[in-house]
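Peer 1: Give me coordinates for this.
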Amino acid sequence: MGQPIYLVREDEELTVYGPNQTRAMMAQGWKLKGDANEALSFGLVDDLTVISGVGEATAAILADAGFKTYESIVNAPVEKLVALDKISLLFAQKIQKNAAELAK
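Peer 2: Modelled structure (predicted):
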């Protein structure tokens, strides 16, 4: 199962196992609790729920597919976003436009 990773958000705490779960939860606004070196091992992650139109479910889908930052979404070929579950062409274009505003 791996080592436990402790996350916090507001007054909540969460324990996950593995980098994929960690990235998915961090994309939903969770932060690593504890050592900054541990945070660096997971790479830069933006709160994807800040993107207009992106809720927790979509943020998890994006994070699971490797989209961890606003820039990664903006720079992705739209076809890669459309290939993800529950993301249409219009929604993908909207997400990219809104992520571009945050990536500035």
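Peer 1: And Ile95, how far from Glu12?
Peer 2: Ile95 sits at a distance of 26 Å from Glu12 (criterion: CB to CB, to the nearest Å). Any C-beta I mention is one placed from the backbone N, CA and C, and that applies to glycine too.
Peer 1: Which one's more surrounded, the two?
Peer 2: Ile95 (25 against 8; other CB atoms under 10 Å).
Peer 1: That one: helix or strand, and which one exactly?
Peer 2: If you go by DSSP states H and E, Ile95 is part of helix 89-103.
Peer 1: and if you look at Leu14?
Peer 2: Here Leu14 is assigned to strand 12-17, by DSSP H and E.
Peer 1: Return the list of strands paired to that strand, each annotated with direction.
Peer 2: Strand 12-17 has the following sheet partners, assigned by DSSP bridges: strand 4-9 (antiparallel).
Peer 1: Which residues belonging to the partner strand are considered buried?
Peer 2: 5, 7 (16 or more other CB atoms under 10 Å).
Peer 1: Next up, phi/psi of Lys31, please.
Peer 2: Note on Lys31: backbone dihedrals following degrees, to the nearest 10 are phi -120, psi 150.
Peer 1: neighbours around it, how many?
Peer 2: Neighbourhood size, Lys31 [other CB under 10 Å]: 13.
Peer 1: ok, it to Gln96 distance?
Peer 2: Distance from Lys31 to Gln96, by CB to CB: 25 Å.
Peer 1: likewise Phe67?
Peer 2: Phe67 sits 11 Å away from Gln96, going by CB to CB.
Peer 1: Tell me which of the two has more neighbours.
Peer 2: Phe67 (25 against 18).
Peer 1: Spatially, and excluding backbone neighbours, which residue is closest to that one.
Peer 2: Ile73 (5.1 Å; CB to CB, 6 or more residues apart in numbering).
Peer 1: would you say the one you found is within a helix?
Peer 2: Yes - membership of Ile73 in a helix is supported by DSSP: H, G, I helix; E, B strand; the rest coil.
Peer 1: contacting residues around it?
Peer 2: In this structure, Ile73 makes contact with 48, 51, 62, 67, 81, 95-96, 99, judged by CB atoms under 8 Å, 6 or more residues apart in numbering.
Peer 1: I appreciate the help and will end here.
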